[in-house]
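> For reference, the sequence and a predicted model appear below.
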Amino acid sequence: MALPPYASPAEKLWFWAFRVLCGLVLLFLITPVLVIIPLSFSSGSFLTYPLPGFSLRWYTEIFDPSGPWLAALKNSLIVAPLATLLAMALGTLAAVGLNRADFPGKGMLLALLISPMVVPLVIVAVGMYFFFAQVGLLNSYSGLVLAHTVLGVPFVVITVNATLQGFDFNQVRAGASLGASPMRVFFTVVLPQILPGVVSGGLFAFATSFDEVVVALFIASPTERTLPIQMFSGIRENISPAIAAMATILILLSTLLLVTMELLRRRSERLKGSVE
């Protein structure tokens, strides 16, 4: 918001002071992230400033085919996309069903669906550990994918539910009156309009799975060690700039996800404007 020309000196002072304060807070929050990036190019073996020199040796180490980093990255790239797809499918169906139906206990069911977001993660991990042990899903990719799906579904439910608030369900009735099946109406009428919410929830679910370490420590075996577990183990055993190199890659990935979500938000606004 621009400063109005008739603003008093006190309002002008507050206008600029507020922006300077916001800038300082943003700088305080982002500085620890930015400090990591130069350390990933250090030629030394420790995370220290000033840098003894610049080198790509740590990026070479994490992309070594015989090293643990690439194996952990491969596991994460197996688990996270599968968990994301399952979370998107289940979360979208749950959100659409909860919006269309009206029954006793609807609020309690919604609270149950989003409970993995609010319940402490350690409690969720312990509960999953004992349950998966009973059904034989411990130490397997299937168990890890299902566990991360449970963590990702709440994000999809919330974003799709928010998108559906502006959706006109008369379009569904119109499609049905023209002879279209419920499946065809969903894929040709409903899904294209709520797709930004579905994808946004999927991005959150992917980021949650790709960055999750607590549940993976309980569920995964050493052969399913994901990237966060590898980083956690590296911090405990031997802190090297290789961790900073992988953290830099994750920062770039997170930035890409944020840009994608912003583009989806703008697309959603354009779609709403065209409908109105």
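Received it, and whenever you're ready, just let me know what you need.
> by contact count, what packs against the one helix or strand residue 258 maps to?
In the assignment (DSSP states H and E), residue 258 maps to helix 241-275. Helix 241-275 is packed against helix 9-39, helix 57-62, helix 191-211, helix 227-237, with contacts defined by 3 or more Cβ pairs under 8 Å, 6 or more residues apart in numbering; DSSP states H and E. C-beta: built from backbone N, CA, C; applies to glycine.
> What are the contacting residues of the last one?
Contacts of helix 227-237 from elsewhere in the structure, counted by Cβ atoms under 8 Å, 6 or more residues apart in numbering, are 68-69, 72-73, 75-76, 210-213, 216-217, 220, 225, 240, 242-243, 246-247, 250.
> in it, what's buried?
Across helix 227-237, burial judged by 16 or more other Cβ atoms under 10 Å covers 227, 228, 229, 230, 231, 232, 234.
> how about it as CSV, C-alpha atoms only?
C-alpha atoms of helix 227-237 as CSV (Å, rounded to 0.1, in the frame of the first residue of the first chain):
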residue,chain,number,x,y,z
LEU,A,227,17.8,-38.1,3.1
PRO,A,228,16.6,-36.4,6.3
ILE,A,229,17.8,-39.5,8.3
GLN,A,230,21.1,-39.4,6.5
MET,A,231,21.5,-35.7,7.4
PHE,A,232,20.4,-36.3,11.0
SER,A,233,22.9,-39.1,11.3
GLY,A,234,25.6,-36.9,9.8
ILE,A,235,25.0,-34.2,12.3
ARG,A,236,25.2,-36.6,15.2
GLU,A,237,28.3,-38.5,14.0
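> which stretches of the protein aren't confidently modelled?
Flagging of the chain using pLDDT under 70 yields the residue ranges 1-3, 237-238, 268, 271-276.
> how does it look with 90?
Applying pLDDT under 90 to the chain flags residues 1-19, 29-77, 95-121, 124, 133-143, 160-201, 203-204, 207-208, 210-213, 216-276.
> from what I can see residue 83 touches residue 156, true?
No: counting by Cβ atoms under 8 Å, residue 83 does not reach residue 156; the two are 11.1 Å apart.
> Pull the number of nearby residues for residue 253.
The local packing of residue 253 (other Cβ atoms under 10 Å) involves 14 other residues.
> no no, residue 249
15.
> So it versus residue 228, what's the distance?
13 Å (Cβ to Cβ, to the nearest Å).
> Endpoint to endpoint, stretch 172-186 covers what distance?
Distance between the two ends of stretch 172-186: 8 Å, counting by Cα to Cα, to the nearest Å.
> Quick check: buried residues in it?
172, 175, 180, 185, 186.
> rewinding a little: need the helices and strands packed on helix 241-275 in CSV (columns: distance to residue 139).
Converted to CSV, the helices and strands packed on helix 241-275 look like this (distance: least, Cβ to Cβ, whole Å):
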stretch, distance to residue 139
helix 9-39, 32
helix 57-62, 25
helix 191-211, 18
helix 227-237, 13
